[in-house]
Structures are given as structure tokens and as C-alpha cells.
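Colleague: Give me a model of this one.
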Amino acid sequence: MARIAVIGAGMGAMAAAARLAVAGHRVTVYERTETYGGAVRRFERDGFGFDTGPGLLTLPAVYRDLFVKTGKEPLEDCVELVQVDPSARHVFADGTTVSLPNASRAGVVAALDEALGAGAGGRWGDFLVRAREAWDRTRRPLLEEPLWPDWRVLAAKEPYPAVPHRRLLRTRTARTVADIGRWELGDDRLADLLDSQVLAYGLDPRTVPASAAVLPYMEHAFGTWYVRGGIRELARAVHERCVRRRVEFRFGAEVTRILERDGRAAGVELADGTRADADHVVADVDPARLRALTERPPDIAGDVGAEPLAAPYARFSLLLALRGAPEPGTAHRTVVHPAAPESELDFLVSPGGDVPPPPTVTVLRPDDPALRPDDGYESVVLSAVVSPEAPWEEEATVRRYTELLLDAAGRAIPGLRERLLWHEVRGPGHVGEETGAATVPAPALAAGQGRFLRPGNTTRLPGLYRVGGWSHPGGGLAHAGMSGALVAGLVVEGPDFRGSR
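Modeller: As a prediction, the model looks like this:
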């Protein structure tokens, strides 16, 4: 039995801790804040409750597997999962609206044909078939296996298939998601639909590889799910599973250094000077913080993650307390598209100037009695992707984005301004306070010369391992004799960088 020190109590860290404990190890989790869950938090006020992190879940099989492998109670005995239908309602800039059924290709094709014109659904359906090919080629190496020693194969080869040109005897290979929209979908609204599904993960469709087509495919194939009571209930269930497996949690315990002995990780040192010995250290922290905790780099030139990653985009959210019940047939999720999506993306890259353009806004309206005082009220979360480099410390910046989100949400929620009791702002700084990083990691993807891959679970310091959204999702920890430490972590999705993973 080994002593394992886990840094952080995010979803990935707790998933690894539970599996390690079941394998017979003695596990202690050190969390610098006073609670578990990482970005999966809840805000409560006046009887209203809000998910401040992810709001929806894809790939519930990941958590089903975690609960099967760590105890007798299956996931559905610990939380109530509800399949969201429609999966999403989209409101386009020209006023067109479409509701996409959950996990039904025929239903999606019919809905798009009716809303956007004959043939639109067929083109989207053909795209999903090609996206499935990319999924089939990358599922195992990205989600189920340790990072390949020859990871450059994943980095260089684009798994999204080339498409025969209708008029010329050649094929056209989409290099980015934006290429797919321009060359294959044949409708600006379909292109906006695809771009928004990638942007929701904090990725720029103009620069992210075409392999990101697996993200809308996953949502389509495996459905979109809500946890009754909010996604925070999932974090509670994972924490309780850890406690039942005798994982020890120490909250308010910030790790400031990883101890070394005889050339390997040998424990952790806390901010109060306390030292805790361990045979192995497992870290669920962002790469910059991990490098600061060690006396030698966990990666060297030539490794995935040896160079610091550019900061992904951040999230700005509004938590709305509304008077009045939602209208009949309200969609759980509505995406409101701006008139100038290119301007939105340009501003994300270079957030200069005083007036940001209207962003793509996601509106989450869960019909959940646990999140409101009574049926005469409604709890709503608005969110948009933003640049972490914008001057968020200035009140004017917060005020401008607040108005932009409320204006967009007014296209989805009748009488929004009149119904508004109060709102709470959640900017990039809130995520930083809760997780130690102002941004949430985007999913790992093939191609893109490796820029979208995550470093493996093992590091150059023996005895130090990585888990969670900042590391490769596959099962690299199994090679350290820690059987079952496959990261089940952030395959969560929702209003902020879904995936969740």
C-alpha cells in the first residue's frame, strides 16, 4: 500500500483519488480552498441556486464507469440524470430559430430542413458522419490510452476526412473548423451553429483543427444531460464516494512545494510549513503552477507541454433571479448568435478598444425546483466566452458585458428586463479564486501540430503524476502501478468550457 498525496480537489483529482483508494492505497487530498469540486461550484442567494461552473454533462458513461469501479452504488443511485430535450435552441441573427432534438440524427435533419430550408439538414447530417470518423480515429488514443510515446503522430495527422469536390477531380481537406463551415455546410447559419459549438469549449473555430468536429459529434451521439439539483450534485456524489473509500481531505491546505528525496517526489509542503511525506504525488493543477511547485521542470524540450500553453479564453457569466415562471416549452439551453461573429472572434484575439462587439451568449434555464424559491420564480445563467486579457478590474468593462449579455438574452427570454429581480456577475477572476487558474482547460484534440494535446500523466520527476483537465485524459497512471487511476475528470460540459470535459 502506497501513500498518495493528491494536490487539488477538482473533479479529476477526486476521480483519481477514489480509484487509487479502491486499489488499496492511502490517499490524502490537499485543497487550498474550503470545498471540493474545482470549477464545479454553486452560488446561492434568497432561495435561488446557480451552477457557477459547468451546467450540462456529456459522456455520462465516464462517470458511470467511475462509480462502478469504485463501489457498489451505480451513478444513478447517487444522482438523478435527466436527458435534456431539445438539446439546444438556436436563435440566429436574422431571427431564424431552430430547436435540435437530443441524440436523434433524423430529428436534427428534419428540424434543420424545416428551419433553414431543404437540404440544410442533409448537409449537417453528412458532416456528423465525417465527424464520427474523426471520433473513431481519436477516441482510444485521446480518452482511453496513455499518451503514445510517438505522440507526434497524433499531433501531425488530421483525423477529419477529406471531402471530394463536387466539380473537380480532387479532394478538399478542411484544416480548421471554420474551413468545414465555409466548404461543406453551405449556409452561414449552419456555419455559425458549428462555430458556436466549438467556441463553447473556449476554442477559436478559425484556428482549432478540424478534429474538433468530434465535440459536436459527442454531444449528438451521446446526448446532453442535466443533473437534477445542478452539476454541483455530481461533485457532491464524487466527494462522498471518495470519503466512503477512506480518502482523507484536508481543506484550506495550500501546497507550496513538492518535496523531493533521492531524485523522486516524496511528499508536499504546505503554506503553513507543514510537510507531509508520500510515496507518490498526484497533481490536478495548471501547468504553470505545477512548474512552480517543483525544483526541476516536469517536462523537457520535445515533450508535450514542455512549452507554456497560450491562455485559453475565459468566461463571463451572469446569474439571474427572475420573477415569474418560465413559459411553457422553455428550452433548457438556448444559444443566441450575434450578427457579426467574425468581429466577436477578432475581439477575443485582440481585446482592444472601448466597446466589445456582441458575443455569442448561452442561456441556461433549468426547470429545477431545487434552484428557485418556488414555482413563481426562475433561476437563469447567461454566459459568453471572453478574453482573460480584457480589463476586468474596471467597472466599465463589467458593465458593458453585463448589458451585452442581457440584450442577447432578451431575444430568448420574453420580458427579461421586467422580470429581473437581481443579478450576480461571475468574471474570470472568480474562476481564478476558486481553481487557481483564471481559465478552464479546453479539450485535448488531435492534429494542430500538438498545440491542443495535453502532457501525459507521467512527468520527468519520478513519483509525480498529473491528472485532471490540464493533462492527457487517457490512463497513463496505470503504468505507475496505480491501477485504475484513469482520469474520469473533466468530461463535464456546460456554460463554461464544456469538458467539461
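
Colleague: For the residue lying closest to Leu194 once chain neighbours are set aside, give its distance to Gly8.
Modeller: Ranked by Cβ to Cβ, 6 or more residues apart in numbering and with sequence neighbours excluded, the top spatial neighbour of Leu194 is Gly181, at 5.2 Å. C-beta here means a position set from N, CA and C on the backbone, and glycine is covered the same way. From Gly181 across to Gly8, the span is 37 Å (Cβ to Cβ, to the nearest Å).

Colleague: Next: Val208.
Modeller: Counting by Cβ to Cβ, the gap from Val208 to Gly8 is 27 Å.

Colleague: so what secondary structure elements neighbour the helix or strand harbouring Ser343?
Modeller: Using DSSP states H and E, Ser343 falls within helix 341-349. Here helix 341-349 touches helix 188-199, going by 3 or more Cβ pairs under 8 Å, 6 or more residues apart in numbering; DSSP states H and E.

Colleague: Residues in contact with the helix it packs on: which ones?
Modeller: Contacts to helix 188-199, defined as Cβ atoms under 8 Å, 6 or more residues apart in numbering, come from residues 90, 92-94, 96, 112, 116, 120, 123-124, 127, 177-178, 180-182, 185, 205, 208, 212-213, 215-216, 219, 335, 337, 341, 345, 360, 385.

Colleague: how far off helix 188-199 does the helix or strand following that helix point, in degrees?
Modeller: Following helix 188-199 in sequence order, the next helix or strand is helix 214-222 (DSSP H and E). Using axes from the mean of the first three to the mean of the last three Cα atoms, to 10 degrees, one finds that helix 214-222 and helix 188-199 are set 90 degrees apart in direction.

Colleague: Any idea how far helix 214-222 is from the middle of the chain?
Modeller: Mean-position distance between helix 214-222 and its chain equals 14 Å (Cα atoms, centre = their mean, to the nearest Å).

Colleague: Whatever helix or strand comes next after that helix packs against which elements?
Modeller: Following helix 214-222 in sequence order, the next helix or strand is strand 225-227 (DSSP H and E). The contact analysis (3+ Cβ pairs under 8 Å, 6+ apart) places strand 225-227 against strand 56-57, strand 81-83.

Colleague: ok so, going back, now the helix holding Ser343 - C-alpha only, PDB.
Modeller: Only the C-alpha atoms of helix 341-349 are listed here, as PDB (Å, rounded to 0.1, in the frame of the first residue of the first chain):
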ATOM      1  CA  PRO A 341     -19.500  36.500 -35.300                       C
ATOM      2  CA  GLU A 342     -16.200  37.400 -37.000                       C
ATOM      3  CA  SER A 343     -15.900  40.600 -35.000                       C
ATOM      4  CA  GLU A 344     -16.500  38.600 -31.800                       C
ATOM      5  CA  LEU A 345     -13.600  36.300 -32.600                       C
ATOM      6  CA  ASP A 346     -11.300  39.200 -33.600                       C
ATOM      7  CA  PHE A 347     -12.100  40.900 -30.300                       C
ATOM      8  CA  LEU A 348     -11.200  37.700 -28.400                       C
ATOM      9  CA  VAL A 349      -7.800  37.700 -30.000                       C
END
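
Colleague: what does the helix or strand just after that helix rub up against?
Modeller: Reading on from helix 341-349 to the C-terminus, the next helix or strand found by DSSP H and E is strand 361-364. For strand 361-364, contacts defined as Cβ under 8 Å, 6+ apart pick out 51, 55-56, 200, 332-336, 380-384, 404-405, 408-409, 412-413, 494-495.

Colleague: now do stretch 292-301
Modeller: Here stretch 292-301 makes contact (Cβ under 8 Å, 6+ apart) with 7, 255-258, 260, 283, 285, 290-291, 305-306, 455, 459-461, 464, 466.

Colleague: Now, the residues you listed that are in strands?
Modeller: Those of these mapping onto strands are 7, 255-258, 260, 283, 464, 466, per DSSP state E.

Colleague: Just the buried ones from these?
Modeller: 7, 255, 258, 260, 283, 464, 466 (16 or more other Cβ atoms under 10 Å).

Colleague: Okay, the last one and Arg32: tell me how far apart.
Modeller: When distances are taken as Cβ to Cβ, Arg466 and Arg32 turn out to be 17 Å apart.

Colleague: same question, the third one
Modeller: Distance of Ile258 to Arg32, computed by Cβ to Cβ: 14 Å.

Colleague: same question, the fifth one
Modeller: Look at Ala283 and Arg32: by Cβ to Cβ, they are 12 Å apart.

Colleague: farthest-separated two in the ones in strands among the contacts of stretch 292-301?
Modeller: Thr256 and Arg466 (18.0 Å; Cβ to Cβ).

Colleague: dump the residue contacts of His332.
Modeller: His332 touches 56, 84, 86, 226, 364-367, counting by Cβ under 8 Å, 6+ apart.

Colleague: ranking those residues by neighbours, who comes first?
Modeller: Counting neighbours by other Cβ atoms under 10 Å, the top entry in the contacts of His332 is Pro366, with 29 neighbours.

Colleague: My guess is that residue contacts Arg372. True?
Modeller: No - using Cβ atoms under 8 Å as the test, Pro366 is too far from Arg372 to be in contact (9.3 Å).

Colleague: what do those two both touch?
Modeller: Ser379.

Colleague: who touches stretch 122-140?
Modeller: 105, 108-109, 112-113, 154, 159-161, 163, 180, 184-187, 190, 193-194, 210-211, 213-214, 216-218, 220-221, 445-446.

Colleague: Of the residues you listed, grab the buried ones for PyMOL.
Modeller: Here is the PyMOL selection string for the buried members of the contacts of stretch 122-140, based on 16+ other Cβ under 10 Å:
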select buried, resi 108+109+112+113+154+159+160+161+163+180+184+185+187+190+193+194+210+211+213+214+216+217+218+220+221+445+446
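
Colleague: Look up which helix or strand Leu318 falls in, please.
Modeller: Here Leu318 is assigned to strand 314-323, by DSSP H and E.

Colleague: Let's see that strand as CSV, backbone CA atoms only.
Modeller: Extracted in CSV, the C-alpha atoms of strand 314-323 (Å, rounded to 0.1, in the frame of the first residue of the first chain):
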residue,chain,number,x,y,z
ALA,A,314,-12.2,32.8,-20.2
ARG,A,315,-15.8,33.0,-19.2
PHE,A,316,-18.1,35.8,-18.2
SER,A,317,-21.4,34.8,-16.6
LEU,A,318,-24.5,36.4,-15.2
LEU,A,319,-26.7,34.7,-12.6
LEU,A,320,-30.2,36.0,-12.9
ALA,A,321,-33.0,35.8,-10.4
LEU,A,322,-36.3,36.2,-12.3
ARG,A,323,-39.9,36.6,-11.0
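
Colleague: That one pairs with which strands?
Modeller: strand 377-386 (antiparallel), strand 420-426 (antiparallel) (DSSP bridges).

Colleague: hang on, Ser99 packs against Asp85?
Modeller: No - taking contacts as Cβ under 8 Å, Ser99 lies outside contact range of Asp85: 9.1 Å.

Colleague: How are the strands of the stretch 101-250 of the chain distributed by residue range?
Modeller: Taking DSSP state E, counting those that start in this stretch as the criterion, the stretch 101-250 of the chain carries its strands at 163-164, 171-172, 225-227, 248-251.

Colleague: what about the stretch 1-150 of the chain, any weak spots by pLDDT?
Modeller: Across the stretch 1-150 of the chain, nothing is flagged by pLDDT under 70.

Colleague: let's see 90
Modeller: 1, 58-59, 72, 103-104, 143-150 (pLDDT under 90).
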